[in-house]
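[1] build me a model from this:
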Amino acid sequence: MRSRGKRERPATPPSIPVHKRLRRPPEIEVPDENEGAPKRLPSSLVVVTGLPAGCTVLELKSRMEMYGSVSRIRIDADGSGHVTFRSPTSAEAAVSAALNPGFGILVRSQRVQVCRGTDPSVQWRIGVQVSPTSRLLRAELP
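    Predicted coordinates for the structure are as follows:
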C-alpha cells in the first residue's frame with residue numbers, strides 16, 4: 001500500500017459528517033415592528049445631592065454599598081456625587097431607600113437626595129447596538 005503525501009490528504013477527516021464540514025449561513029435578523037423606537041436600557045448611575053462639605057468618597061461608598069456593589073464613585077466640588085452600581089436593580093434600591101420618609105439615606109447625620117442619572121455609556125451602547133457586556137462592533141455582512 002502506497003502512503004499519501006501531505007497534498008493528497010483530504011482537508012477534513014472522513015470521520016466528520018459532511019453536514020458538519022459545511023459552513024453555516026449567517027443568521028439573518030428579522031426586524032422588529034418597534035425598530036424605530038429607541039430602547040431605554042436601565043441606568044445603574046445615581047446622582048446624590050446634598051452631601052455635607054468635606055464628604056469623602058469612602059464615606060459615600062460605605063453608605064451606598066448597603067444597596068449593592070458599587071463600581072465607580074465621583075464627588076464634584078458643588079457637593080453632588082455620582083455613584084455607578086454594578087446592576088440597575090441596586091441603583092433602584094438606593095433611589096427607593098432615599099425616598100423612604102421614615103429613614104432615607106444619611107451621610108454625617110445629614111439627609112441626602114438620590115435620583116437616577118443618565119449614563120452616557122448606556123446611550124453609546126444603544127447608538128451602536130451592542131450588548132451591555134460587549135465593546136465590540138457588529139461585523140457588516142457583504
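
[2] give me the buried stretch members for the lengthiest helix in the chain, please.
    In the chain, with assignment by DSSP state H, the single longest helix is helix 88-99. Buried residues in helix 88-99, counted by 16 or more other CB atoms under 10 Å: 88, 90-95, 97-98. (Each C-beta comes from the backbone N, C-alpha and C, glycine too.)

[3] is it true that Ser80 touches Thr49?
    Yes. Look at Ser80 against Thr49 with CB atoms under 8 Å: they come within range, at 4.9 Å.

[4] for the two, indicate the residue with more neighbours.
    Ser80 (16 against 13; other CB atoms under 10 Å).

[5] OK, contacts around the more buried one?
    Neighbouring residues of Ser80 by CB atoms under 8 Å, 6 or more residues apart in numbering: 47-49, 51.

[6] flag the shaky bits of this structure, pLDDT-wise.
    1-41, 119-142 (pLDDT under 70).

[7] one step back: got the contacts of Ser80 as TSV, with secondary structure and distance to Gly117 columns?
    Compiled in TSV, the contacts of Ser80 are given as follows (DSSP: H, G, I helix; E, B strand; the rest coil; distance: CB to CB, whole Å):
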residue	secondary structure	distance to Gly117
Val47	strand	4
Val48	strand	9
Thr49	strand	11
Leu51	coil	15
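
[8] so Arg63 sits in a strand?
    No. Arg63 is assigned helix when assessed by DSSP: H, G, I helix; E, B strand; the rest coil, not a strand.

[9] might you report the residue contacts of it?
    Arg63 neighbours (CB under 8 Å, 6+ apart): 105-107.

[10] out of those, who's nearest Thr84?
    Ile105 (16.4 Å; CB to CB).

[11] that closest one contacts Val112, doesn't it?
    Yes. Ile105 is in contact with Val112 according to CB under 8 Å; the separation is 5.4 Å.

[12] residues near the residue lying closest to Val57 once chain neighbours are set aside, how many?
    In space, Val57 comes closest to Ile73 once its chain neighbours are excluded; the distance is 5.1 Å by CB to CB, 6 or more residues apart in numbering. Ile73 has 17 neighbours, counted by other CB under 10 Å.
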